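J.: Provided below are the primary sequence and the corresponding predicted coordinates.
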Amino acid sequence: MNYDLILMDLNMHTMNGFDSCKWIKLLESGSPYIVAISASEFTAGLIAQCKQVGFDDWFTAPLTASVL
């Protein structure tokens, strides 16, 4: 199944968002646009970590329709 956009929480139970993003980027040719979502504020360090694993963008929760 192909997706154009994935909204991914960074703090998930089994596999965190960073690991999930890495796997998707490695396994999917033409990988979808992946947006990191977190209830925590995105600091420079967290943004750098998101960029390193392949997230295309990031937003602080709660995410509203107007932001999308």
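T.: Perfect, thanks for sending it. Residues are numbered from 1 along each chain as shown.
J.: switch to C-alpha atoms for all contacts and neighbour counts from now on
T.: Will do.
J.: that's a helix at K22, yeah?
T.: Yes. Counting by DSSP: H, G, I helix; E, B strand; the rest coil, K22 is part of a helix.
J.: where along the protein do the strands fall?
T.: 5-9, 33-38, 57-60 (DSSP state E).
J.: Where does pLDDT dip in the protein?
T.: 1 (pLDDT under 70).
J.: and N11, how many neighbours?
T.: 14 (other Cα atoms under 10 Å).
J.: I'd say P32 and D4 touch.
T.: Yes. Contact criterion Cα atoms under 8 Å: P32 and D4 qualify, at 4.8 Å.
J.: coming back round to it: reformat the strands of the chain into TSV and put mean neighbour count and distance to N16 next to each item.
T.: Formatted as TSV, the strands of the chain follow (neighbours: other Cα atoms under 10 Å; distance: least, Cα to Cα, whole Å):
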stretch	mean neighbour count	distance to N16
strand 5-9	16	8
strand 33-38	20	11
strand 57-60	16	15
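J.: if we can go back for a sec, so between P32 and D4, which is more surrounded?
T.: P32 (16 against 9).
J.: so what's G17 closest to, chain neighbours aside?
T.: Among residues not flanking G17 along the chain, L10 sits closest, at 4.0 Å (Cα to Cα, 6 or more residues apart in numbering).
J.: What distance do you get for the one you found to T60?
T.: Between L10 and T60 the distance, using Cα to Cα, to the nearest Å, works out to 11 Å.
J.: any residues in contact with both of the two?
T.: I37, S38 (Cα atoms under 8 Å, 6 or more residues apart in numbering).
J.: any idea how far the most centrally placed residue in the chain lies from V67?
T.: What sits nearest the mean C-alpha location of the chain, by Cα atoms, centre = their mean, is A36, with 2.7 Å. Per Cα to Cα, A36 is found 13 Å from V67.
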